[in-house]
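Colleague: when you get a sec, could you give me coordinates for this:
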Amino acid sequence: MPGTYGMTWMWIFPFLFLAALLLLFSGLLRGPGAPFCGPRPPENGGGSRPEAPGESPKEILDRRYAKGEITREQYLAMRKDME
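Modeller: Numbering: from 1, shown residues only. Now for the predicted structure:
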């Protein structure tokens, strides 16, 4: 049975070929510049919404404190600096 040893591994090549085709087509469907897995990162570089053009510094500070981005001490110190 010297010839059968090589035949036992031949079943893997069709699966490798199909996997390569699936990766190729999934990459083509996602489009250029799309990450391979997971969602795209936000365009503004952070998880929060960008500041509105008419938003005052106090409103920005209030929003950051309300979201928990800064502590009470930081909030009070920054408010004092703005006065």
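
Colleague: and residue 37, what pLDDT?
Modeller: On pLDDT, residue 37 comes in at 59.

Colleague: distance check, residue 16 against residue 26.
Modeller: Distance, residue 16 to residue 26, using Cβ to Cβ, to the nearest Å: 16 Å. Glycine gets a C-beta too; all of them are placed from N, C-alpha and C.

Colleague: who has more neighbours out of the two?
Modeller: Neighbours per residue (other Cβ atoms under 10 Å) separate residue 16 from residue 26, with residue 26 holding more: 12 against 9.

Colleague: in which helix or strand would I find that one?
Modeller: Element membership of residue 26, judged by DSSP states H and E, is helix 12-30.

Colleague: buried stuff in the helix or strand following that helix?
Modeller: The helix or strand immediately downstream of helix 12-30 is helix 57-67, counting by DSSP H and E. For helix 57-67, the neighbour count (16 or more other Cβ atoms under 10 Å) marks 61, 65 as buried.

Colleague: what's the next helix or strand after helix 57-67 in contact with?
Modeller: Proceeding N to C from helix 57-67, the next assigned helix or strand is helix 72-82, under DSSP H and E. The contact list for helix 72-82 (Cβ atoms under 8 Å, 6 or more residues apart in numbering) reads 57-58, 61, 64-65, 70.

Colleague: give me the mean pLDDT for helix 72-82.
Modeller: Mean predicted confidence for helix 72-82 is 93.

Colleague: how about it as CSV, C-alpha atoms only?
Modeller: Output of helix 72-82 as CSV, limited to C-alpha atoms (Å, rounded to 0.1, in the frame of the first residue of the first chain):
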residue,chain,number,x,y,z
ARG,A,72,-16.2,65.7,40.0
GLU,A,73,-12.8,67.2,41.1
GLN,A,74,-11.7,67.6,37.5
TYR,A,75,-15.1,69.1,36.6
LEU,A,76,-14.9,71.7,39.4
ALA,A,77,-11.3,72.6,38.7
MET,A,78,-12.0,73.1,35.0
ARG,A,79,-15.1,75.2,35.8
LYS,A,80,-13.0,77.3,38.1
ASP,A,81,-10.4,77.8,35.4
MET,A,82,-13.1,78.9,32.9
